[in-house]
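In: From the sequence below, what's the structure:
(chains A, B and C)
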Amino acid sequence: MDSISPEQRLYTALAAIPPGYVVTYGQLASLSGWPRRARWVGQQLKRLPTGTTLPWHRVINAAGKISFPVGSDKAHEQAKRLRQDGVEVVHGKVSLAKYQWPG
DNA sequence: CGACTGACCAGAT
DNA sequence: TATCTGGCCAGTC
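Out: Numbering: from 1, shown residues only, chains lettered A, B, ... in the order given. This is a model prediction of the structure:
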């Protein structure tokens, strides 16, 4: 049965991403059981509380880039966290070939 | 109701 | 990988 909400499925999938890896919005949507809901994923992440423990920083767009304006606090914060995870971030970009989580 | 927007995507080239 | 294009979905005005 499906007593859990779509949001719960999303959070569960997000929490399952191991340090040192990243996933794309579309990939996370699929992992959550909602293919083609990439935009919805973005809206949900935006709703996350400031102090959340979920690894929201491990989510980047299909181009391998951080989906925040270059130079913004958010972009900087995400890059900072990714580096702490051991992920190389160059010009707000990450190599999906090297760091994308197989799932 | 239609138009616009956004932490987006996959396919073709 | 990069660029271009059409598509998708939920919210907001």
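In: Stretch A:44-56 near DNA strand B at all?
Out: Yes. Judged by CB under 7 Å from any atom of the strand, stretch A:44-56 and DNA strand B are in contact via A:45-46, A:48, A:56. Where C-beta positions appear, they are placed from N, C-alpha and C, glycine not excepted.
In: Okay, and which of the residues you listed map to strands?
Out: Among the residues of stretch A:44-56 next to DNA strand B, none falls in strands (DSSP state E).
In: What is the most widely separated pair among those residues?
Out: The most widely separated members of those, counting by CB to CB, are A:K46 and A:W56 (9.4 Å).
In: With neighbour numbers in mind, choose between those two.
Out: Per other CB atoms under 10 Å, whichever of A:K46 and A:W56 has more neighbours is A:W56, with 16 against 8.
In: residues touching the more buried one, list them.
Out: Residues near A:W56 by CB atoms under 8 Å, 6 or more residues apart in numbering: A:14, A:45, A:48, A:78.
In: Can you get me a residue count around the closest residue to the last one other than its chain neighbours?
Out: Pointing back at A:Q78 there. What sits nearest to A:Q78 in space, not counting adjacent residues and going by CB to CB, 6 or more residues apart in numbering, is A:H57, at 4.5 Å. Other residues near A:H57 number 21, with proximity taken as other CB under 10 Å.
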